[in-house]
Every structure is written in structure tokens, then in C-alpha cells.
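K.L.:
Sharing a model prediction with you, sequence too.
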Amino acid sequence: MSLLGRQSRLDREFMIEEDPISSMANLFDVSVVFIVALFFALFMAYSTLDLFNPDSELVITKTMPNGEIQIITKKGKDIKIEKVTETTESGRGVKLGTAYKLEDGRVIYIPEE
């Protein structure tokens, strides 16, 4: 602006281009890209990208806040959720083998011969 109260042509062009709402649209676009990146990072961190692969097999064990355990099994395109209960079963059976838990936390299963 000039001292006499008149606007020059450059001042008028600058005021037309200065739109406060245009920066909000850019922030919205950036936030959408950030959310999508977080989803991909989450899937990669938990190695669950196999959920989208139609040929993969995946087993996930999930503990609910109330202590209930769910086993989620994915074979191909079929997904099955099983709930683990605390009821005991009885019956006749055959010993299949022995499982050993190592010091590092791994479990080794040795079949009975």
C-alpha cells in the first residue's frame, strides 16, 4: 500500500492470491497421506501384510481385556476365529509326543515314535 491510501497493482494481486482457506486444503491432504502411511507402518510392524495375500496362511493369538483368548486362523481367503475356553475335556487318546520350552522361549515338539 502506498502512503496516500491507494493500492498499487502488485498489492492487489498479492491480496487476491492470499487465501487463508487454501492452506487448510493442503493440510487436509497432508493429514490423509500421513494416516495412510501410519496404517502401512502398523501392518508392517506387526507383519500382518499377509492378511491381504490370498495365498498365505496366518495364525494370530489375541488376548481380550477380560482374559478370553481368541485364535484367528487365515488359510487362503478363509478366516476362522476360535475362542479358547477354560473347560476341560476328557476321553481316551494317544500320546503324540513331547514339547520342551527352551531357555530363550522357543518351544520344540518331538513326535512320539
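P.N.:
Great, that's in hand.
K.L.:
count of residues packed around residue 74?
P.N.:
19 (other C-beta atoms under 10 Å). Backbone N, C-alpha and C define where each C-beta goes, glycine included.
K.L.:
State the mean pLDDT of the top helix by length along the chain.
P.N.:
Criterion DSSP state H: the longest helix present in the chain is helix 20-45. For helix 20-45, mean pLDDT rounds to 84.
K.L.:
Apart from its chain neighbours, what residue comes closest to residue 59?
P.N.:
Nearest residue to residue 59 in three dimensions, chain neighbours excluded: residue 73, at 5.3 Å (C-beta to C-beta, 6 or more residues apart in numbering).
K.L.:
ok, the one you found touching residue 79?
P.N.:
Yes. At 7.3 Å, residue 73 and residue 79 qualify as touching, with contact defined as C-beta atoms under 8 Å.
K.L.:
Show the contacting residues for residue 113.
P.N.:
By C-beta atoms under 8 Å, 6 or more residues apart in numbering, the contact list for residue 113 is empty.
K.L.:
okay, it: pLDDT?
P.N.:
74.
K.L.:
Please enumerate the strands of the chain.
P.N.:
Under the criterion DSSP state E, the chain contains strands at 57-63, 69-75, 78-84, 97-101, 107-111.
K.L.:
got the angle for the second one vs strand 57-63?
P.N.:
Using axes from the mean of the first three to the mean of the last three C-alpha atoms, to 10 degrees, the direction of strand 69-75 lies 170 degrees away from that of strand 57-63.
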